[in-house]
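here's a sequence, model it:
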Amino acid sequence: MAPAINLHIPLLLFYPNAADANTNNVIATNERCQHLMKSLTTTLTHFYPLAGRIKGHAVIECNDDGAEFVKAGVTCSLSEILEHPDAEMLRRFLAIDQSDSRESATSPLLLVQINLFECGGMAIGFSISHKFADTSTLSLFINCWTATCHNQSNKLM
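The predicted structure follows:
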């Protein structure tokens, strides 16, 4: 029996540079990435199956292998991407190649790619296994991650 295709739901969210013009973009960007990674770890405790792997065709093994978190640099400004969007190019902002995803015991259920632009802008690419989630679940996850980010930010101040 051939392996089933593991469908992932992709989503890209774009954020302009929110840093003060006097702030060093590299430092601000690295701090944001660290904060996003830490808050993602906290959020996954509420969605713990996302840190597991698919076993067989219908079971999620909650083995705490983790979600995939990728940080990528983009050598242009966010405005250049938004002014001339290209589907092939936008796929590069996702941590998974949608055209050739095969199900395996080693594939993460959640993949997050933080794309950092030269201007300090950012695009967050999500790919979540459709075996675990639909768009409503992905929305709930993102809202929870956002709340966690804000709560942790408030504690830092």
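
contacting residues around stretch 138-153?
Residues outside stretch 138-153 that contact it (Cβ atoms under 8 Å, 6 or more residues apart in numbering): 9, 11, 13, 35-36, 38-40, 42-43, 46-47, 50, 110, 126, 128, 133. To be clear about C-beta, it is placed using only N, CA and C from the backbone, and glycine gets the same treatment.

contact partners for the residue nearest the centre of the chain?
The centre of the chain sits closest to V112, judged by Cα atoms, centre = their mean, with a distance of 2.1 Å. Residues near V112 by Cβ under 8 Å, 6+ apart: 40, 67-70, 95, 124-126.

okay if I get those residues as TSV plus distance to L82, pLDDT and secondary structure?
Rendered in TSV, the data for the contacts of V112 read as follows (distance: Cβ to Cβ, whole Å; pLDDT from 0 to 100; DSSP: H, G, I helix; E, B strand; the rest coil):
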residue	distance to L82	pLDDT	secondary structure
L40	25	94	helix
A67	27	87	coil
E68	25	89	strand
F69	24	92	strand
V70	21	92	strand
A95	20	86	coil
I124	14	96	strand
G125	15	95	strand
F126	18	93	strand
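
report pLDDT for the residue nearest to L50 when sequence neighbours are not counted.
With sequence-adjacent residues excluded and distances taken as Cβ to Cβ, 6 or more residues apart in numbering, L50 is closest to L110, at 4.4 Å. L110 is assigned 91 on the pLDDT scale.

part of a strand, is the residue nearest to the centre of the chain?
Yes - counting by DSSP: H, G, I helix; E, B strand; the rest coil, V112 is found in a strand.
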